[in-house]
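1. Provided below for reference: sequence and predicted model.
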Amino acid sequence: MTNDLKIADLVEDPDAGEWLDYPEIPGFRLLFAVPDNPAQIRLATLAARLKPVVVPEGGQADPAAVAAQDAEYHYLKVRQHLAGWEGLKIKDLGHLFPGKKLNLGEGSQAGTPAPPETELAYNPANLDFLLRKSTAFYRFLNAQVNAREVREEADRKNSRNTPPTSPIPMPRPARVAGKKRSSTA
């Protein structure tokens with residue numbers, strides 16, 4: 001005899017996010033999510049679209065180009081792990097941008113100052129700005145992503161039921177050797 005029980009109702013969602021408190025900013029919490037397979041596919045697709053670094057034949061790739069490509073890859077990888085936040089207020093921006101001047105008088109569209117207790121929404125523009133411009137924010141998230149990857153790799157190695165590799169690999173951007181020029185006489 002079978003029943004209509006759903007496994008999803010009995011098991012905690014393995015892809016559910018985890019709320020993490022941001023250090024130094026009381027009340028600022030980040031929803032750190034495990035990327036689902038479609039997110040991994042999107043990241044792999046984006047990584048594949050990154051412009052390949054051309055390596056001259058017999059030479060080495062331009063270190064600046066390799067560093068820029070690696071930075072973009074890591075940015076994409078970190079970004080896919082953040083699914084939301086709550087509690088980030090205007091007054092907290094000084095912690096995320098230490099030593100930077102804040103334009104607090106121009107916080108609203110009407111040009112009037114926004115109250116320091118105004119909460120800043122989680123949206124793609126705010127996330128992108130923080131990841132690209134706030135070293136403190138990026139380092140915190142990057143450390144969380146790296147720690148999670150280390151835990152997941154250890155879990156895979158210690159589990160008998162998990163395949164040794166991810167079903168969808170996260171390819172690194174390609175580095176391509178330069179084409180040899182043909183000489184015609």
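-> Thanks, I have it. Keep in mind it's a predicted model, so treat the numbers as computed, not measured.

2. residue contacts, the closest residue in space to S134 that isn't next to it in sequence?
-> Residue nearest to S134 in three dimensions, not counting chain neighbours: L96, with 4.4 Å by C-beta to C-beta, 6 or more residues apart in numbering. In short, each C-beta sits where N, CA and C put it, glycine included. By C-beta atoms under 8 Å, 6 or more residues apart in numbering, L96 lies in contact with I25, L130, S134, A136, F137.

3. Mind doing that once more with 7 Å?
-> By C-beta atoms under 7 Å, 6 or more residues apart in numbering, the residues touching L96 are L130, S134, A136, F137.

4. Check Y22 too.
-> Listed by C-beta under 7 Å, 6+ apart, the contact partners of Y22 are F28, R29, L30, F140.

5. which two from those residues end up farthest apart in space?
-> Greatest spatial distance in the contacts of Y22: R29 and F140, 12.3 Å, computed using C-beta to C-beta.

6. one step back: mind listing which of the contacts of L96 are in helices?
-> Among the contacts of L96, the residues falling in helices (DSSP state H) are L130, A136, F137.

7. The closest residue to the last one other than its chain neighbours and A71, how far apart?
-> Spatial nearest neighbour of F137, excluding adjacent residues (C-beta to C-beta, 6+ apart): L130 at 4.6 Å. Plainly put, L130 is 16 Å away from A71 if you go by C-beta to C-beta, to the nearest Å.

8. Looking at those two, which is more packed in?
-> Taking neighbours as other C-beta atoms under 10 Å, L130 and A71 compare with L130 leading, 21 against 11.

9. buried residues in the strand or helix carrying D155?
-> For D155, the host element (DSSP states H and E) is helix 135-158. Applying a neighbour-count criterion of 16 or more other C-beta atoms under 10 Å, one finds A136, F137, Y138, F140, L141, N142, Q144, V145 buried in helix 135-158.

10. Name the helix or strand of this protein that has the lowest mean pLDDT.
-> In the chain, no helix or strand scores lower on mean pLDDT, DSSP states H and E than strand 175-177, which sits at a mean of 55.
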